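*Asks:* Build the 3D model from these lines:
(one chain, ligands or ions: 1)
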Amino acid sequence: MYSLEGQVGLVTGASRGIGRAIAIDLATHGARLALHARSITPEFREFVLNLGGGTEGSRAFAADISDARAVAALFQEIQRWTPRLDFVVANAGVYAGSMSPEVTEAEWEAIWGTNLLGTFRTVQGALPLLAQSSNGSIVLVSSYLGSHAAPGGAAYQASKAGIEQVGRALALELAPRIRVNTVAPGFIRTDMNRDGHEDPAFRRHIEHATPLRRWGEPDDIAPVVRFLLSAEASWITGTTLLVDGGVSLE
Ligand code: NAD
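*Replies:* Here you go, the predicted model:
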């Protein structure tokens, strides 16, 4: 079930957190991966070397996705490595939670440049390689905050709402050859929100606000992404799947 045997794909933001868990899960289930990070550190290089993934192994790539020229260079490099991509997981993203009276234009531009435009340009850059697949699939990573409001971080929330709508528009544009879906996580324990889950009061607050009574782990997201990429999801496109322990129900 949900095998990716023989498939070649790209995962962005794979150096840590949710992207790293997705990389491990997809490689374990047969995919050969182009693994992207903002820069290739020795740790990231070793992670990718040890990951395996298909018979020819996976490979590390670097680019700042908020930089159009860097993303263009990234896809030139990926194209030298593989003539086709069967899937793309656009996971790289950043968070900032300023309240609206204080937030700066620079913060808005940084959040949108990475989360919304950076995600879009990643997908756009991958389209020629996805077109070589008979079975293309894209998964975007939003947040439950893409459809549910919270005080602070309006720029982040708007960027994730934008990703969800980009996903629906692309699903229409790219059908029937390429499917496009979005995963919207709740609170996942990663470096992105380390301050939050290391603060006992906030940690308990989130546990209480989440009907399933715990923070999510990156491994709660990875198999869901694999399902959306797999043949078993071959009639699903344009959907946003909340994976949030029910927090959006409250
Ligand atoms: P993380 O900070 O641990 O990892 C983010 C990854 O994205 C890193 O590999 C980082 O290097 C990469 N990245 C960030 N900006 C980049 C840029 N400009 N260029 C290239 N790479 C860049 O965060 P995470 O929690 O693993 O988040 C992964 C995704 O999940 C993000 O899109 C985030 O918004 C989303 N998400 C996270 C949570 C959560 O609670 N952790 C909840 C909902 C959604």
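
*Asks:* Can you spell out which helices and strands pack onto the lowest-mean-pLDDT helix or strand in the chain?
*Replies:* Counting by mean pLDDT, DSSP states H and E, the weakest-scoring helix or strand in the chain turns out to be helix 194-197, with a mean of 92. In terms of contact count using 3 or more Cβ pairs under 8 Å, 6 or more residues apart in numbering; DSSP states H and E, helix 194-197 is assigned the packing partners helix 200-209. Just so you know, the C-beta spots here come from the backbone N, C-alpha and C atoms, and that holds for glycine as well.

*Asks:* Could I get the contacting residues of Gly167?
*Replies:* Going by Cβ atoms under 8 Å, 6 or more residues apart in numbering, Gly167 touches Ile138, Leu140, Ser142, Val180, Asn181, Thr182, Gly238, Thr240.

*Asks:* and the ligand, which of those residues contact it?
*Replies:* With Cβ under 6 Å from any ligand atom as the criterion, the subset of these in contact with the ligand is empty.

*Asks:* now, among the residues you listed, which is nearest to the ligand?
*Replies:* Taking Cβ to the nearest ligand atom as the measure, the ligand sits nearest to Ser142 out of these, at 6.7 Å.

*Asks:* For the strand ranked longest in the chain, which outside residues touch it?
*Replies:* Longest strand in the chain, counting residues (DSSP state E): strand 178-185. If you take Cβ under 8 Å, 6+ apart as the criterion, strand 178-185 is touched by 18, 130-131, 133, 136-144, 146-147, 160, 163-164, 167-168, 170-171, 174, 216, 220-221, 224-225, 228, 233-234, 236-244.

*Asks:* and the spatially most central residue of the chain, what are its phi and psi?
*Replies:* Residue closest to the average C-alpha location in the chain (Cα atoms, centre = their mean): Asn91, at 1.7 Å. Note on Asn91: backbone dihedrals following degrees, to the nearest 10 are phi -110, psi -30.

*Asks:* Spit out the contact partners of it.
*Replies:* With contacts defined as Cβ under 8 Å, 6+ apart, Asn91 is in contact with Val11, Thr12, Gly13, Ala14, Ile18, Gly19, Ile22, Val141.

*Asks:* Out of these, flag the one nearest to the ligand.
*Replies:* Ranking those by separation from the ligand, with Cβ to the nearest ligand atom as the measure, puts Gly13 on top at 2.8 Å.

*Asks:* Number of residues surrounding that closest one?
*Replies:* By other Cβ atoms under 10 Å, 27 other residues sit near Gly13.

*Asks:* Which residue lies closest in space to it, excluding its sequence neighbours?
*Replies:* Distances taken as Cβ to Cβ, 6 or more residues apart in numbering place Ala92 nearest to Gly13, at 3.1 Å, with adjacent residues excluded.

*Asks:* The one you found and Leu35 touch, don't they?
*Replies:* No. Using Cβ atoms under 8 Å, Ala92 is not in contact with Leu35, being 11.2 Å away.

*Asks:* okay, these two: which has more neighbours?
*Replies:* A count of neighbours by other Cβ under 10 Å puts Leu35 above the other of Ala92 and Leu35, at 28 against 25.
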